[in-house]
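S.K.: I need the structure of the sequence given here:
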Amino acid sequence: MTRIAVTGARGRLGGQIVRLLDGRDGVEVVGLTRAMADYDDRPALVAALAGVDVLVLVSSDGEAERVLRHHLNLAEAVARNGVGQVVALSSVDVDVDSPFCYARVNALTEQALDEAG
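M.R.: Take a look at the predicted model:
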């Protein structure tokens with residue numbers, strides 16, 4: 001059984017992903033919400049990703065530095081739990097030196113996930 005966690009499960013996109021995965025043979029879907037695993041709560045994120053094989057990372061929202069902090073917290077939880085695969089919603093032209101704040105955030109997120117293994 002493959003255990004797949006989806007962040008933002010109560011949101012529009014996260015909810016659609018959960019519904020698409022739900023009921024598939026050999027798949028257990030864990031819908032993560034802020035009530036159980038807030039992006040700012042590192043211990044809760046680590047606990048929520050225990051036993052997870054795949055994480056679908058639906059980006060946090062808000063100001064760029066806040067989003068980056070949330071994504072780095074998730075990358076830490078991924079590393080601590082040995083999550084084998086992360087599917088992250090990102091963007092084209094990610095670049096840590098980009099003047100566009102979210103291109104920088106996505107580049108740093110991808111870098112942190114790469115470092116998480």
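S.K.: going forward, measure contacts between C-alpha atoms and count neighbours the same way
M.R.: Noted.
S.K.: Any buried residues in the lengthiest helix in the chain, and which?
M.R.: Scanning the chain for the helix with the most residues, using DSSP state H, yields helix 64-81. By 16 or more other CA atoms under 10 Å, the buried positions in helix 64-81 come out as 64, 67-79, 81.
S.K.: same deal with stretch 3-16?
M.R.: Neighbour-count burial for stretch 3-16 [16+ other CA under 10 Å]: 3, 4, 5, 6, 7, 8, 9, 14, 15.
S.K.: Now do that stretch: distance from first to last residue.
M.R.: 17 Å (CA to CA, to the nearest Å).
S.K.: List the backbone torsions phi and psi for the residue lying closest to residue 27 once chain neighbours are set aside.
M.R.: Distances taken as CA to CA, 6 or more residues apart in numbering place residue 2 nearest to residue 27, at 4.8 Å, with adjacent residues excluded. The phi/psi pair for residue 2 (degrees, to the nearest 10) reads phi -90, psi 130.
S.K.: again, but for residue 31
M.R.: phi -90, psi 120.
S.K.: In contact with it, which residues?
M.R.: 5, 6, 7, 8, 9, 10, 18 (CA atoms under 8 Å, 6 or more residues apart in numbering).
S.K.: Narrow the buried residues of stretch 3-16 to those in strands?
M.R.: 3, 4, 5, 6 (DSSP state E).
S.K.: Closest one to residue 106 out of those, please.
M.R.: residue 6 (17.8 Å; CA to CA).
S.K.: beta partners of the closest one?
M.R.: Residue 6 forms beta bridges with residue 31, residue 56, as assigned by DSSP bridges.
S.K.: which residues touch the longest helix of the chain?
M.R.: 39-42, 45-46, 49-52, 59-61, 101-102, 105-106, 108-109, 112-113, 116-117.
S.K.: can I get the ones in strands among the buried residues of stretch 3-16 in a markdown table with pLDDT and distance to residue 35?
M.R.: As requested, these are exported to a markdown table (pLDDT from 0 to 100; distance: CA to CA, whole Å):
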| residue | pLDDT | distance to residue 35 |
| --- | --- | --- |
| 3 | 98 | 20 |
| 4 | 98 | 18 |
| 5 | 98 | 15 |
| 6 | 98 | 14 |
